[in-house]
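Participant: My questions concern the predicted model and sequence given below.
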Amino acid sequence: MHSFGYRANALITLGVTVLALMCAMASLSDNLNSPIPSAQVQVLNVNWFQKQRNGNEEVFVFLAAEYETPKNSLNQVSLWDGIIPSKEHAKFLIHTTNKYRFIDQGSNLQGKEFNLTLHWHVMPKTGKMFADKIVMTGYRLPEEYR
């Protein structure tokens, strides 16, 4: 007969082995999942964004104005950001103004072209983090400021 310690050790070892296999399967299945959210942006309004259907993660979303200067090839100004915590919050319509100031030091951006870029980072409970973006071109800053 085996003692209580041997039986407890066997049970705990089995439990840890099953949990390790479940974590490995979750990590492997995460590579097969490729979310394709959609967005429609009109100037500064994000109208539609839909999260993955499995609903086991939250999504960090931000809208940025991106432009080039002679000194830096990529400059970003965050215009809006938000966290989508659950599947029920995946579709939303917002009307908002810029949270962060868009400052032009030295009037170097007057009339400059810029892109609006919607970035999102899918943060799963386990597995790898996924990030992607949609770039919308064809925007221009005003020639004169107030």
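Facilitator: Right, received. Where do you want to start?

Participant: C-alpha from now on. contacts and neighbour counts both.
Facilitator: OK.

Participant: Any figure for the gap between residue 81 and residue 136?
Facilitator: 17 Å (CA to CA, to the nearest Å).

Participant: So which residues of this protein form strands?
Facilitator: 39-42, 45-49, 57-67, 75-84, 113-124, 130-140 (DSSP state E).

Participant: what's the least confident stretch among those?
Facilitator: Across the strands of the chain, strand 45-49 has the smallest mean pLDDT, namely a mean of 45.

Participant: ok, residue 116 to residue 14 distance?
Facilitator: 52 Å.

Participant: Looking at those two, which one has more neighbours?
Facilitator: residue 116 (24 against 12; other CA atoms under 10 Å).

Participant: you'd agree that one is up against residue 62?
Facilitator: No: if you go by CA atoms under 8 Å, residue 116 and residue 62 don't touch, sitting 10.4 Å apart.

Participant: Would you mind splitting the protein into its domains for me?
Facilitator: Domains of the chain are assigned by automatic domain parsing as 1-32, 37-140.

Participant: Based on its surroundings, how many neighbours for residue 65?
Facilitator: As a burial measure, residue 65 scores 21 neighbours (other CA under 10 Å).

Participant: leaving aside the residues next to it on the chain, what's closest to it?
Facilitator: Once flanking residues are discounted, residue 65 sits nearest to residue 116: 4.7 Å by CA to CA, 6 or more residues apart in numbering.

Participant: could you measure that neighbour against residue 7, distance?
Facilitator: Where residue 7 is concerned, residue 116 sits at a distance of 62 Å (CA to CA).

Participant: And residue 114, by the same measure?
Facilitator: 67 Å.
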